[in-house]
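dropping a prediction and its sequence here:
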Amino acid sequence: ATEDHVTSPGWWPTKSAAALNQFVGTPECAKCHTQIAATQQTTPMAHAATPAANSEILRAHSDLTEQRAAYHYELATSPSAVNFSVTDGAQSLSAAIAWAFGLGHKGQTYIYERDGGFYESHLSFYKSLQALDLTTGHDAATPDDLKSAMGRWLDADEARRCFGCHTTASSVGGHFDTSHLTPGVQCESCHGPGANHVAAMKSGKIAQGRAAIFNPRRLDPTSSVDFCGACHRTWADVILGKQKFAN
């Protein structure tokens, strides 16, 4: 299971043990790996998360509305902010959307903050519909109140895991902190922090430098599935999840 890999020695995706100063950023990686870094930036993974105001989908659909049962939703985008609101006709609730998760090939879900916590929007944008609809995994039953109609609270562990798979360096030194993250799945999300690698290579210590960075290409097929499963779930993660749900 992914939790076993995360607690084992060595690098693994979503592991948060490394300090922030151990991350050098994709521009530093691109100095040597120019073509690979440029190609990576064109992938959906590189755009797995973006500040909501930068979302191309929201810029192209600046006023999205949807009526679901008694609730009317609006997702309004201006040049500087994105506001998500819901009303039942008598009262309303709104929040500024902070993050857009997903490039939008299939859909895009929105994250906002309220009362010191993160929430996942009850509605998401779906490309096939070119409109808002129920976020995958949310209860299709009519919500009991405006707060639950607007979105679902993410507990601290779930928020950490969501950001850990959609951004880079959102958890460092064992702590979850979105103030220093890099949007999207960047080089160091999979290869691990690159400071020691860069320093060794610049010093001409090639063997030491190669050993200081994780290369998923060296993994056997089973380990490769586990590696990608850190975010996309391994078979063991699925089984454990079902057991947890059943309990």
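That came through, no problem.

can you give me the strands in the protein?
49-51, 63-68, 71-77, 82-87, 92-101, 107-114, 117-121, 123-126, 131-134, 151-154, 167-168, 171-172, 175-176, 182-183 (DSSP state E).

just put these in a markdown table and tack on distance to Ile213, mean pLDDT and mean neighbour count.
(Each C-beta comes from the backbone N, C-alpha and C, glycine too.) Formatted as a markdown table, the strands of the chain follow (distance: least, C-beta to C-beta, whole Å; pLDDT from 0 to 100; neighbours: other C-beta atoms under 10 Å):
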| stretch | distance to Ile213 | mean pLDDT | mean neighbour count |
| --- | --- | --- | --- |
| strand 49-51 | 23 | 96 | 20 |
| strand 63-68 | 42 | 96 | 14 |
| strand 71-77 | 39 | 97 | 19 |
| strand 82-87 | 36 | 97 | 20 |
| strand 92-101 | 27 | 97 | 20 |
| strand 107-114 | 30 | 96 | 20 |
| strand 117-121 | 31 | 97 | 21 |
| strand 123-126 | 35 | 97 | 23 |
| strand 131-134 | 41 | 97 | 16 |
| strand 151-154 | 31 | 96 | 18 |
| strand 167-168 | 15 | 96 | 22 |
| strand 171-172 | 17 | 94 | 20 |
| strand 175-176 | 23 | 94 | 13 |
| strand 182-183 | 17 | 96 | 18 |
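
could those go into a markdown table alongside distance to Glu3?
As requested, those are exported to a markdown table (distance: least, C-beta to C-beta, whole Å):
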| stretch | distance to Glu3 |
| --- | --- |
| strand 49-51 | 23 |
| strand 63-68 | 36 |
| strand 71-77 | 35 |
| strand 82-87 | 33 |
| strand 92-101 | 22 |
| strand 107-114 | 23 |
| strand 117-121 | 21 |
| strand 123-126 | 27 |
| strand 131-134 | 29 |
| strand 151-154 | 18 |
| strand 167-168 | 20 |
| strand 171-172 | 14 |
| strand 175-176 | 16 |
| strand 182-183 | 24 |
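
for those, which one sits closest to Ala19?
Ala19 lies closest, by C-beta to C-beta, to one member of the strands of the chain: strand 171-172, at 6.0 Å.
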